[in-house]
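> Predicted coordinates and the sequence they were generated for:
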Amino acid sequence: MSQYAVPEELKYTEEHEWIKVEGGLAVVGVTDFAQQQMGDVTYVDLPEAGRAVERMAELCVIESVKVAADVFSPLAGVVAEANAALGEHPELINQDCYGAGWLVKLKDYDASGLGELMDADAYAKFIERG
Amino acid sequence: MTLETPLIGWHRQHGGKLIEFAGWSLPVSYQAGIVAEHLACRKAAALFDTSHMGRFRLAGPGALAFLRRTLSNDAARLGPGRSHYTFLSDPEGRPLDDAYLFRLPEGAYLLVVNAGNRGQDWAWLHGLDPSGAGLEDISAQMAMLALQGPLSSAVLGRVLGAEGLPAARNHCAWLDWAGGRVLVSRTGYTGEPHSYELFVEASQVGRLWTDLLEAGSGLGLMPAGLGARDTLRLEAGLPLYGHELRPDWPILSLPLARHGVALTPERGDFLGRAALERQAAELAGGQVAEVPCLIRGVAAQERGMMREGSPVLVEGRQVGELTSGTTVPAWRFKGGAPGDEHYSRAIGLACLERQVVAGQKVEIVYRGRALPGVVVNRLVKPGGNYLQPLL
């Protein structure tokens, strides 16, 4: 049993983002491994809705007491919505990184990029290798 | 090779996230995390392993004379069982280190220095002819803990008994414990009105640590790591060597340094005196020469982030930069006491041109964003048993 949760149904990047396609939108967050590495999240600099992002461009910045972590967009697309709840409660990323702690929903995303992402098995092996 | 305190085994077994700091392997936090540990200290109490600090004992007949000519504060002001803030100043009035000097109840002196400067301080003091001072490094034999926060007196009372605890800041006393003794000092690095530092034989520190945690377990006491130690001292406006104090900056750039510098006529000459007198005269007279900047508090007025190195602007012009900064958690107070909710705020200490004073609106630039903020004299205010956040 790994010390990091890696849900089966998600796709993953080597930068420790997760992606879930849901109702025509790609939901993006950071993984349990990432949030454990960062420690207590105290601030999230979120993008405006409507911003177009390239694949692997900076999507937002997650700040913990000790470090700043860049989050890169796993897919090219347009920001449909950012998780406003993180403004008041950035700790949601620590408490529920695969649920209430999601970061951004992308619309008009380039689905061809999905094929380049890791599935849960591959990502679990990736973080085990360190 | 990294150095380890006697508590390294406990830290490893209890989820301490070990990092290297000043050559020492110490927990940045435990499982609870920096935020929970910081909040515990402000509402209940927190226990820190501070054995990495350097501890020099001076018990020779020449100790007082040696300390009076090598440290910026006047050791002659200390009666038995008292302590004060002080500096190792170079001849130009720049800090080699900031330190705390204790006069033990039996008369010997204990100088506590920063872990990262211990070797340099030792060499410096030896270069100043300590013969007769009985200078020895007892860092390995004597361990050190910090117990800080509003319930620290209650926790300590359960372990050592309430009788004989030092009642006022900067007082210290030996208390009997477990067949040995503990030096209990009313000092600390969190700004807490109730705060203690404890010195005990290294062989006994494991037991003292676990006894304190057990005594405080129902009171909200948490073990806390270097991360919370840093956010707590930042919130209290206390300097960290290498950040607010730098080897090439004048000591009196730090307004708090006044408490560690004694320029009284009766004490005679000491290392750095002439330079420190020039700095003090400049600050009193208003001219700008050797001390162009002062360390000030900065608090964000909106949600955001600031970190060390962030430029500070007044109407678009840079007037300085942050020497420390991050987001720190704070309790929402209800009726003079911490409630159940907390929030986070971005705060910092900054080296700012001297004309920039408390109340000045500024912008703090971090990662391309200009965060509105204000210069403050302090980031917290003492209120009864608690330190309360300002802004």
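Arrived safely, thanks for sending. Residues are numbered from 1 along each chain as shown, chains lettered A, B, ... in the order given.
> residues from the stretch 151-300 of chain B in reach of chain A?
B:Gly227, B:Thr231 (CB under 8 Å from any CB of the partner chain). Heads up, the C-betas are built off the backbone N, CA and C, glycines and all.
> Let me see the mean pLDDT of stretch A:33-43.
Averaged over stretch A:33-43, pLDDT sits at 94.
> residues of it that come out buried?
A:Phe33, A:Ala34, A:Gln35, A:Gln37, A:Met38, A:Gly39, A:Asp40, A:Val41, A:Thr42, A:Tyr43 (16 or more other CB atoms under 10 Å in any protein chain shown).
> Need these in JSON lines (columns: secondary structure).
Listed next are the buried residues of stretch A:33-43 as JSON lines, based on DSSP: H, G, I helix; E, B strand; the rest coil:
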{"residue": "A:Phe33", "secondary structure": "helix"}
{"residue": "A:Ala34", "secondary structure": "helix"}
{"residue": "A:Gln35", "secondary structure": "helix"}
{"residue": "A:Gln37", "secondary structure": "helix"}
{"residue": "A:Met38", "secondary structure": "helix"}
{"residue": "A:Gly39", "secondary structure": "coil"}
{"residue": "A:Asp40", "secondary structure": "coil"}
{"residue": "A:Val41", "secondary structure": "strand"}
{"residue": "A:Thr42", "secondary structure": "strand"}
{"residue": "A:Tyr43", "secondary structure": "strand"}
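> Assess the claim that B:Arg68 and B:Thr86 are in contact.
No. Between B:Arg68 and B:Thr86 there is no contact under CB atoms under 8 Å: 10.8 Å.
> what is in contact with these two at once?
With contacts taken as CB atoms under 8 Å, 6 or more residues apart in numbering or on different chains, B:Arg68 and B:Thr86 have B:Ala75 as neighbours in common.
> out of those two, which sits in the more crowded spot?
B:Thr86 (26 against 18; other CB atoms under 10 Å in any protein chain shown).
> State the helix or strand in which that one lies.
Secondary structure from DSSP states H and E places B:Thr86 in strand B:82-89.
> tell me what the helix or strand following that strand is packed against?
Once the chain leaves strand B:82-89, the next helix or strand it forms, by DSSP H and E, is strand B:95-103. With contacts taken as 3 or more CB pairs under 8 Å, 6 or more residues apart in numbering or on different chains; DSSP states H and E, strand B:95-103 sits against strand B:82-89, strand B:109-113, helix B:118-126.
> possible to save those as JSON lines with mean pLDDT and distance to chain A?
Below are those laid out as JSON lines (pLDDT from 0 to 100; distance: least, CB to the nearest CB, whole Å):
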{"stretch": "strand B:82-89", "mean pLDDT": "98", "distance to chain A": "26"}
{"stretch": "strand B:109-113", "mean pLDDT": "98", "distance to chain A": "25"}
{"stretch": "helix B:118-126", "mean pLDDT": "98", "distance to chain A": "24"}
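> To B:Ala262, which of those lies closest?
Ranking the helices and strands packed on strand B:95-103 by proximity to B:Ala262 (CB to CB) places strand B:82-89 first, at 8.7 Å.
> Pipe the helices and strands packed on strand B:95-103 into TSV and attach distance to B:Pro255 per row.
Shown next, in TSV, are the helices and strands packed on strand B:95-103 (distance: least, CB to CB, whole Å):
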stretch	distance to B:Pro255
strand B:82-89	13
strand B:109-113	22
helix B:118-126	24
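> nearest to B:Arg207, of those?
B:Arg207 sits nearest to strand B:109-113 of all the helices and strands packed on strand B:95-103, at 21.7 Å, using CB to CB.
> Show me the strands paired with that closest one, marking each as parallel or antiparallel.
Strand pairing for strand B:109-113, using DSSP bridges, gives strand B:54-58 (antiparallel), strand B:95-103 (antiparallel).
> Just say which of those strands is most tucked in.
strand B:95-103 (a mean of 24; mean count of other CB atoms under 10 Å in any protein chain shown).
> Give me the domain ranges for chain B.
Domain assignment for chain B, taken from automatic domain parsing, gives B:8-51+B:140-224, B:55-137, B:292-389.
> Sweet, I'm off.
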